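[1] fold the following.
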Amino acid sequence: MPIRKSLTVGLINVSLIAVSLIAGCASPLAPQPQAAVTTHHVQLASARMETGQPATLPAEPHLDVPHEVDFFVQIALERNPEILAAQRAVTAQANVIPQVTALDDPIVTDAFQPFDTYSVQTAAGRGPNTLTLSQRLPWLSKLRVRGEVAEQDAKIALTRLAQSQLKIIEDVKLAYYDLAYNQEAIEIIKSDQILLEQLLKFADARYRTGTTSQQDVLRAEVELEQLEDILIALRRELGLSQADLAKILHTSPNANLQAVSDIEIPPVPEQIDALYEEAIRCRPELQERLHAIIRAERTQELARLNYYPDFNVGLGWQAITADSAISPVTNSNDNVALLLGVTLPIWRDKLDAGVREAENRILESARRYDASRDDTFRLIRRLIVRADALGQQIELFDGRIIPLAEQTLRVSTADYRVNKVDFQQILDNWTDLLNFHLQLIRFEADLNQTLASLERVVGCQLATLPEPQPVLEPQPVPVDGNEPVEAGPAILEPGRPQPARDGSAADGVGEAGGDEDGGDEDGGGESAAPALPQVPDTPPAGTQDGRQSNEWDSAPIHRLSQPANVGPDFTVR
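    Predicted structure coming up:
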């Protein structure tokens, strides 16, 4: 009987060990198809050195025709490797949450004593085998707070995805407007070549008739050669712009990418304060700083929870056998035990240091948010100043300078026919007009690029900003058929404030007799712009466990990338 029980205990031990190994060594998940494709690409890249296959991406003929900038933006958002990598980073960080909120794996321990003379002897008999099953249980709320820390990391990863999207959109527009400028500049140079060739023929005809010297002909030929040099430089810049755009689009570097000929210039925003407000609400860099603050707060809460002990509970079973037992009253009854362990957080210096570290991380994150906000405002102001200046220069060149230069060239050409001016004066006027045309399209390209950078800094499209309201001016009112006079005080109506005695508008009412809300502080009568969504100053109601949480902690994750017109499916709307 004792021998049979020993065999039974041995079989039980072997079975438990086998079950533990099977349960604890589960087969890993099969790799995702994307991972298999990545491995295939790496193997293919190493094999191309031997097979002679092209290393570049295949050509895409549908890209070799003129397209709008939004077409290229859409393609970049769908296939750019940086955006795809950021998407995977978000997914990877989201999978951290179930890992940190799960309990540790239980532990099965088997203490087997095969030698009879070295086994534990009890009054009930010899104990050849002891089996325990234990589970570590952290203090209440520790797992939840760990999950909240990981959740903030996931939201930070999502803000970085939005940053990648906005950066790629800006890069596409910068390269696209450089491409458009070079294309248009080449066309301008070619058209001016035709004009200069006509001037050359005219100078050559006068030279043959003896009315001018050969110097005029040679000057015209030199100018033609200089135009050819400018064309070479523009074609070089065109190729560089195409290479930059092809890189962003993740296509063949030899793609003949082209921009459309007529590009509309959007208006420059006039309400810089509205841009500040939108940047606070939309810019992913600022949202990342806010989530870093919340993450530091959760880390501080976790550090305070470390002052409380963790538990270790378990169940023990000890097999008792009469085989080789030395007790005269052995009964072979097995022992069953309940195990309870607790950690002792007695190293106060370590725990205090953890809390102080978390407190300083909060202050660090808050100061970094302030620095990022100040830098955002600086960039907005600089870009607005630059855009305003470019807009004024475009208006000046297009409305005044170029028409005057064209008229000057026509007059000098007519005067040259009657020998009032020399040929050098015609060339100077022609050169000035050419430079003015090139400067104008450069200003237009720079303005579009500046507005693209402004959208990147603000974090949302400028077209979504509220339009400024026009200022209403008082109109003269005719009296008894006489000359019109300025409008006097309005007739008092219920609910409207009385005008001041000096005839000026009362406080809060504009010059045109505004509504009850009135105009701005100086009484200018300008209607107030629609209020933009604000970041709430007070946190909303608590979470499921009743603890107060911040608005950014409880907000949906996808809202961070919405202001950039990039939806949760990572495509432009």
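
[2] quickly find the element holding the nearest residue to residue 185 once chain neighbours are set aside.
    Nearest residue to residue 185 in three dimensions, chain neighbours excluded: residue 234, at 5.2 Å (Cβ to Cβ, 6 or more residues apart in numbering). The way it works is simple: take the backbone N, C-alpha and C, and place the C-beta from them, glycine included. Using DSSP states H and E, residue 234 falls within helix 214-249.

[3] for that helix, what is the distance to the chain centroid?
    Its chain's average C-alpha position is 37 Å from that of helix 214-249, according to Cα atoms, centre = their mean, to the nearest Å.

[4] and for stretch 309-321?
    53 Å.

[5] export it to PDB, keeping only CA atoms.
    Taking Å, rounded to 0.1, in the frame of the first residue of the first chain, the C-alpha atoms of stretch 309-321 are listed here in PDB:
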ATOM      1  CA  PRO A 309       2.000  46.200   0.200                       C
ATOM      2  CA  ASP A 310       1.300  43.600  -2.400                       C
ATOM      3  CA  PHE A 311       0.000  40.200  -1.600                       C
ATOM      4  CA  ASN A 312       0.900  36.700  -2.500                       C
ATOM      5  CA  VAL A 313      -1.800  34.000  -2.000                       C
ATOM      6  CA  GLY A 314      -1.500  30.300  -2.700                       C
ATOM      7  CA  LEU A 315      -2.500  26.800  -1.900                       C
ATOM      8  CA  GLY A 316      -0.100  24.000  -0.700                       C
ATOM      9  CA  TRP A 317      -0.400  20.300  -0.700                       C
ATOM     10  CA  GLN A 318       2.000  17.900   0.900                       C
ATOM     11  CA  ALA A 319       1.900  14.200   0.200                       C
ATOM     12  CA  ILE A 320       2.300  11.900   3.300                       C
ATOM     13  CA  THR A 321       3.300   8.300   3.000                       C
END
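
[6] got a list of what the residue most central in space within the chain touches?
    Residue closest to the average C-alpha location in the chain (Cα atoms, centre = their mean): residue 163, at 1.3 Å. Counting by Cβ atoms under 8 Å, 6 or more residues apart in numbering, residue 163 makes contact with 284, 285, 288.

[7] and it, what are its phi and psi?
    Main-chain dihedrals, residue 163, degrees, to the nearest 10: phi -60, psi -40.

[8] equivalent analysis for residue 104, please.
    Note on residue 104: its backbone torsions stand at phi -70, psi 160 [degrees, to the nearest 10].

[9] so where is this structure shaky, pLDDT-wise?
    Across the chain, residues meeting the criterion (pLDDT under 70) sit at 1-53, 118, 123-124, 324-325, 327, 329, 463-573.

[10] which helix or which strand is home to the residue located most distally from the centre of it?
    Distance from the C-alpha centroid of the chain peaks at residue 328, with 79.9 Å (Cα atoms, centre = their mean). Secondary structure assignment for residue 328, by DSSP H and E: no helix or strand.

[11] for residue 444, same thing?
    Element membership of residue 444, judged by DSSP H and E, is helix 423-458.

[12] for that helix, buried residues please.
    The neighbour-count criterion (16 or more other Cβ atoms under 10 Å) identifies 423, 425-427, 429-430, 432-434, 436-438, 440-458 as the buried residues of helix 423-458.

[13] from the contact counts, what lies against that helix?
    helix 142-208, helix 214-249, helix 272-282, helix 348-396, helix 402-417 (3 or more Cβ pairs under 8 Å, 6 or more residues apart in numbering; DSSP states H and E).

[14] tell me the buried residues in the next helix or strand after the third one?
    In other words, helix 272-282. Downstream of helix 272-282, the first helix or strand assigned by DSSP H and E is helix 284-305. For helix 284-305, a neighbour-count test (16+ other Cβ under 10 Å) marks 284-303, 305 as buried.

[15] how about the CA coordinates for helix 284-305, as CSV?
    Extracted in CSV, the C-alpha atoms of helix 284-305 (Å, rounded to 0.1, in the frame of the first residue of the first chain):
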residue,chain,number,x,y,z
PRO,A,284,-0.6,67.8,-31.9
GLU,A,285,2.7,68.9,-30.3
LEU,A,286,0.7,70.8,-27.6
GLN,A,287,-1.6,67.8,-27.1
GLU,A,288,1.4,65.6,-26.6
ARG,A,289,2.6,67.9,-23.9
LEU,A,290,-0.8,67.8,-22.2
HIS,A,291,-0.9,64.0,-22.2
ALA,A,292,2.7,64.0,-20.9
ILE,A,293,1.4,66.0,-17.9
ILE,A,294,-1.4,63.6,-17.3
ARG,A,295,0.9,60.7,-17.6
ALA,A,296,3.2,62.2,-15.0
GLU,A,297,0.2,62.7,-12.7
ARG,A,298,-0.8,59.0,-13.1
THR,A,299,2.9,58.0,-12.4
GLN,A,300,2.8,60.1,-9.2
GLU,A,301,-0.4,58.3,-8.1
LEU,A,302,1.3,55.0,-8.8
ALA,A,303,4.4,56.0,-6.8
ARG,A,304,2.1,56.8,-3.9
LEU,A,305,0.4,53.4,-4.2
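
[16] pull the residues that contact the helix or strand following it.
    Proceeding N to C from helix 284-305, the next assigned helix or strand is strand 311-321, under DSSP H and E. By Cβ under 8 Å, 6+ apart, the list of residues contacting strand 311-321 from outside reads 2, 5-6, 9, 12, 122, 124-139, 330, 332-343.

[17] strand partners of strand 311-321, parallel vs antiparallel please.
    As defined by DSSP bridges, the strand partners of strand 311-321 come to strand 125-137 (antiparallel), strand 335-342 (antiparallel).

[18] what angle sits between the longest one and helix 142-208?
    Okay, so that is strand 125-137. Inter-element angle recorded for strand 125-137 and helix 142-208: 40 degrees (by axes from the mean of the first three to the mean of the last three Cα atoms, to 10 degrees).

[19] in strand 125-137, what counts as buried?
    By neighbour count on 16+ other Cβ under 10 Å, the buried set for strand 125-137 is 125, 126, 127, 128, 129, 130, 131, 132, 133, 134, 136.

[20] can you lay out these as CSV showing distance to residue 399?
    Formatted as CSV, the buried residues of strand 125-137 follow (distance: Cβ to Cβ, whole Å):
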residue, distance to residue 399
125, 109
126, 108
127, 103
128, 103
129, 99
130, 96
131, 93
132, 90
133, 87
134, 84
136, 78
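
[21] what is the nearest of these to residue 264?
    Nearest to residue 264 out of those is residue 136 (Cβ to Cβ; 64.4 Å).

[22] quick check: the closest one touching residue 142?
    No. Counting by Cβ atoms under 8 Å, residue 136 stays clear of residue 142, with 11.1 Å between them.

[23] can you pull the residues that touch both of those two?
    residue 310.

[24] ok, now which ones touch the closest residue to residue 200 other than its chain neighbours?
    Spatially, and ignoring its direct neighbours in sequence, residue 200 is nearest to residue 220 (4.0 Å; Cβ to Cβ, 6+ apart). The contact partners of residue 220, taken as Cβ under 8 Å, 6+ apart, are 196, 199, 200, 203, 423, 427.

[25] count of neighbours near the second one?
    One way to gauge burial is a neighbour count; for residue 199, by other Cβ atoms under 10 Å, it gives 22.

[26] same deal with the third one?
    By other Cβ under 10 Å, 18 other residues sit near residue 200.

[27] tell me the contacts of it?
    Contacts for residue 200 were tallied using Cβ under 8 Å, 6+ apart; they are 217, 220, 221, 224.

[28] write a PyMOL command that selects only the buried members of the residues you listed.
    To isolate the buried members of those in PyMOL, using 16+ other Cβ under 10 Å:
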select buried, resi 217+220
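
[29] good, wrapping up.
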